[in-house]
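Visitor: Take a look and give me a structure for this.
(one chain, ligands or ions: 1)
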Amino acid sequence: MSLVVVGSVAYDGVATPAGSRDRILGGACTYISLAASFFTKVRIVGVVGDDFAPQDLDFLSSRGIDLEGVERAPGKTFYWRGVYSDDMNDRETLQTDLNVFAGFNPQLPASYRDQPYLMLGNIQPALQRSVRSQMTATRLAGGDTMNYWINDFRGELLETLKQWDFLLINDSEARLLSGQNNLKRAAAAIRAMGPRILVIKRGEYGATLFHEGGYANIPGVLLDTLKDPTGAGDCFAGGFIGYLASRGVSLADTTAQPRELARAAVYGCIMGSFCCEEFGPDRFRTLTSDDIEARFRDYRQITAF
Ligand code: AMP
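Guide: Here you go, the predicted structure:
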């Protein structure tokens with residue numbers, strides 16, 4: 001069951017209390033696809049500049065990720081730079097250079113269009129809608145968004161959300177999108193906009209999953225060492241949809257759904273936690289499926305009562 005992922009492929013500069021790095025591989029599409037690649041076949045759509053290093057493409061290929069939809073455009077790759085607070089729960093963006101990403105107009109290769117799963121990273125809602133309409137046979141489609149689109153492109157975003165089965169956003173974005181401070185009410189209002197499956201991410205505290213049958217709280221994994229939280233939210237998304245793709249889940253299987261959705265959110269938390277253990281996506285260079293299953297077993301213990 002293959003998954004199409006669309007979003008930014010970037011070079012990042014990050015400063016955290018554990019150190020700093022510049023021009024390391026990043027981008028939402030990169031993190032989502034690496035995390036999902038541990039569960040399912042992934043095909044990505046993105047744009048890189050002529051400065052993009054062949055070794056970075058090789059890393060993605062080494063995880064079995066299909067790069068046919070990666071366009072190389074004249075100019076520089078998208079660059080983002082940020083600095084984290086001491087507890088790493090907040091970050092400030094210091095620089096965003098869109099570069100070749102400014103002209104990003106995702107076109108899916110023919111071989112991607114009939115794939116069953118679609119995850120749209122955080123890009124302009126009209127582009128997300130254009131990609132959604134290029135897919136012909138989706139079982140589950142959805143994505144991510146951010147404050148900027150909620151505030152300044154609200155009409156576009158609402159049109160886009162109507163066509164999504166799932167949405168992943170953080171708690172402050174959920175409040176902003178719904179106009180409700182109470183998260184349960186916020187979730188009901190957002191689900192009425194389209195996405196029947198909603199994950200509200202809550203950083204180190206985990207996430208809350210909302211669906212037809214109610215809601216489930218998914219606690220976060222506490223780490224011994226946290227180096228860089230960049231991409232953790234995207235890795236959550238990659239683990240979540242990657243797991244659902246590996247199980248062939250669709251909105252039609254109502255009986256399997258609540259249990260599979262909760263497991264998907266647990267894998268999301270687990271992939272987000274691995275992401276934070278090294279700078280950039282480096283943890284995924286050595287991570288194995290056995291490591292993931294070991295953390296899943298630990299997770300059962302920390303949540304059993
Ligand atoms: P996360 O920590 O999950 O929010 O993801 C961080 C990643 O998103 C970084 O690797 C950035 O390169 C990427 N990113 C930051 N700002 C943007 C933006 N405006 N559009 C697309 N990707 C972005």
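
Visitor: Skipping adjacent residues, who's closest to the residue of the stretch 101-250 of the chain found nearest the ligand in space?
Guide: For the stretch 101-250 of the chain, the residue positioned closest to the ligand under Cβ to the nearest ligand atom is residue 233, at a distance of 3.3 Å. All C-beta spots, glycine's among them, are computed from the backbone N, C-alpha and C. With sequence-adjacent residues excluded and distances taken as Cβ to Cβ, 6 or more residues apart in numbering, residue 233 is closest to residue 201, at 5.6 Å.

Visitor: The stretch 201-305 of the chain against the ligand: which residues are in contact?
Guide: Where proximity means Cβ under 6 Å from any ligand atom, the interface of the stretch 201-305 of the chain facing the ligand comprises 230-234.

Visitor: What residues does the stretch 51-200 of the chain have near the ligand?
Guide: 80, 96, 122.

Visitor: Tell me the buried residues in stretch 73-81?
Guide: When neighbours are counted by 16 or more other Cβ atoms under 10 Å, the buried residues of stretch 73-81 are found to be 73, 75-81.

Visitor: Check stretch 179-191 too.
Guide: Buried residues in stretch 179-191, defined by neighbour count with 16+ other Cβ under 10 Å: 180, 183, 186-187, 190-191.

Visitor: Distance to residue 63, pLDDT and secondary structure for those - can I get that in a markdown table?
Guide: Formatted as a markdown table, the entries for these read as follows, by distance: Cβ to Cβ, whole Å; pLDDT from 0 to 100; DSSP: H, G, I helix; E, B strand; the rest coil:
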| residue | distance to residue 63 | pLDDT | secondary structure |
| --- | --- | --- | --- |
| 180 | 39 | 97 | coil |
| 183 | 34 | 95 | helix |
| 186 | 35 | 98 | helix |
| 187 | 33 | 98 | helix |
| 190 | 32 | 98 | helix |
| 191 | 33 | 97 | helix |
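
Visitor: List just the nearest of the residues you listed to residue 11.
Guide: residue 190 (32.6 Å; Cβ to Cβ).

Visitor: unless I'm mixing things up, the closest one is touching residue 174, no?
Guide: Yes: the pair residue 190 / residue 174 is scored as a contact, 6.3 Å apart, by Cβ atoms under 8 Å.

Visitor: list the residues that contact both of those two?
Guide: Counting by Cβ atoms under 8 Å, 6 or more residues apart in numbering, the common neighbours of residue 190 and residue 174 are residue 198.
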